[in-house]
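**Student:** Got a sequence here, can you model it:
(one chain, ligands or ions: 1)
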Amino acid sequence: MTEAPPKSHGRLSIQASARPRDLIEDNPRLLGAWEARVITLFPEAFPGTLGLSLTGKALQDGLWRLGTIDLRQFGEGRHRNVDDTPSGGGPGMVLRADVMGRAIAAAMEGVPEDRARWPLVFLSPRGRPFDQATARRFAACDGLTLIAGRFEGLDQRVIDHFGIEEISLGDFVMTGGEIAAEAVLDATVRLRPGVLGNAASAEEESFSDGLLEHPQYTRPAIWQGREIPPVLTSGDHGAVARWRRDQAEALTRARRPDLWEAARKDEE
Ligand SMILES: C[S@@+](CC[C@H](N)C(=O)[O-])C[C@H]1O[C@@H](n2cnc3c(N)ncnc32)[C@H](O)[C@@H]1O
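**Tutor:** Next up, the predicted model:
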């Protein structure tokens, strides 16, 4: 008797010609659901935290879809090599242009050619810093393809050839792009309609109006001798709104003078 192949819940892979496989196989596949595709050497890293809580529920409900493209499948030779030594010498290895080129071609199969509708992004410390405006832009698209780098990065010719947008999570270096891809997807997917239970919470939080968010409090009324600021329990909604605005402005001025300057310019 031939045994059915085990269902993979870890390393998911696709054939070179196949479309990325959904991670949640009983996904209802709602027509037009926002879709993310991630090219990675570590498909088992997904969905990771994206499979939890609100993003996980939205994935299960088919409000968005997630597929991985296993870069190793496109590797060269018997060992499916994906990297080689840097031209010009130096330490480390670089992801090969031909291997990544094939993976990108497979990952972009069937997606709109217009990059404004479906961006192709390489996570890289050299990229433009990721921010809320970028998350909003991605959330307004039909989908997004992300390339998680490893080693010393990616052959520049692939970036130039496909017109790839480079996005950084911040001024630090991680060993790979998978965590950065998850962060970008989390920030993006929660802006899609229906993903957050209370849509108002996305409108009021940090960066939505160019400022950091005001401090938050909840019960108990006194903790370790510290009280909740009385204005918040006064029932005066106007006073609460003014207090929150003042706090947001003070925090932004102190911690993020760059954001404060930009917010002031916007108001002028
Ligand atoms: C060790 S890093 C490569 C760093 C590269 N040699 C440099 O100096 O810019 C390997 C991969 O991790 C990912 N990565 C590391 N730090 C990142 C960051 N701050 N933002 C986004 N991706 C990052 C990228 O995909 C990168 O290709």
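
**Student:** Please make it C-alpha for all contacts and neighbour counts, starting now.
**Tutor:** Fine.

**Student:** Regarding residue 35, what is its secondary structure?
**Tutor:** Applying DSSP: H, G, I helix; E, B strand; the rest coil to residue 35 yields a three-state assignment of strand.

**Student:** Give me the number of neighbouring residues for it.
**Tutor:** The number of residues packed around residue 35, counting by other CA atoms under 10 Å, is 22.

**Student:** Quickly list what it is bridged to.
**Tutor:** Beta-bridge partners recorded for residue 35 (DSSP bridges): residue 65, residue 143.

**Student:** quick one: it and residue 143 touch, right?
**Tutor:** Yes - here residue 35 lies in contact with residue 143, judged by CA atoms under 8 Å, at a distance of 4.5 Å.

**Student:** can you give me the strands for the protein?
**Tutor:** Secondary structure of the chain (DSSP state E): strands at 21-22, 34-40, 64-70, 83-84, 94-95, 120-129, 143-148, 165-168, 222-223, 226-227.

**Student:** between those strands, which one is nearest to residue 57?
**Tutor:** Checking these against residue 57 by CA to CA gives strand 64-70 as the closest, at 9.8 Å.

**Student:** How is the protein divided into domains?
**Tutor:** Domains of the chain are assigned by automatic domain parsing as 21-189, 205-267.

**Student:** Out of those, which is closest to the ligand?
**Tutor:** The ligand lies closest to domain 21-189 among the domains of the chain, at 3.2 Å (CA to the nearest ligand atom).

**Student:** Checking the closest one against the ligand, do any of its residues make contact.
**Tutor:** Yes - Domain 21-189 comes into contact with the ligand (CA under 6 Å from any ligand atom), by way of 123-126, 148-153, 168-177, 180.

**Student:** got a list of what the residue nearest to residue 207 when sequence neighbours are not counted touches?
**Tutor:** Counting by CA to CA, 6 or more residues apart in numbering, residue 132 is the residue found nearest to residue 207 once chain neighbours are left out, at 6.5 Å. By CA atoms under 8 Å, 6 or more residues apart in numbering, the residues touching residue 132 are 187, 207, 208.

**Student:** cutoff 10 Å now
**Tutor:** Residues near residue 132 by CA atoms under 10 Å, 6 or more residues apart in numbering: 138, 184, 187, 188, 191, 206, 207, 208, 210.

**Student:** Quick check: which of those has the minimum pLDDT.
**Tutor:** When the contacts of residue 132 are sorted by pLDDT, the bottom entry is residue 208 at 79.

**Student:** hey, where'd the helices end up in the protein?
**Tutor:** For the chain, the helices defined by DSSP state H occupy 53-60, 97-107, 132-139, 156-162, 178-189, 200-204, 237-255, 257-267.

**Student:** and these, which one's lowest on average pLDDT?
**Tutor:** helix 200-204 (a mean of 71).

**Student:** Which elements pack onto that one?
**Tutor:** If contacts are counted by 3 or more CA pairs under 10 Å, 6 or more residues apart in numbering; DSSP states H and E, helix 200-204 sits against no helix or strand.
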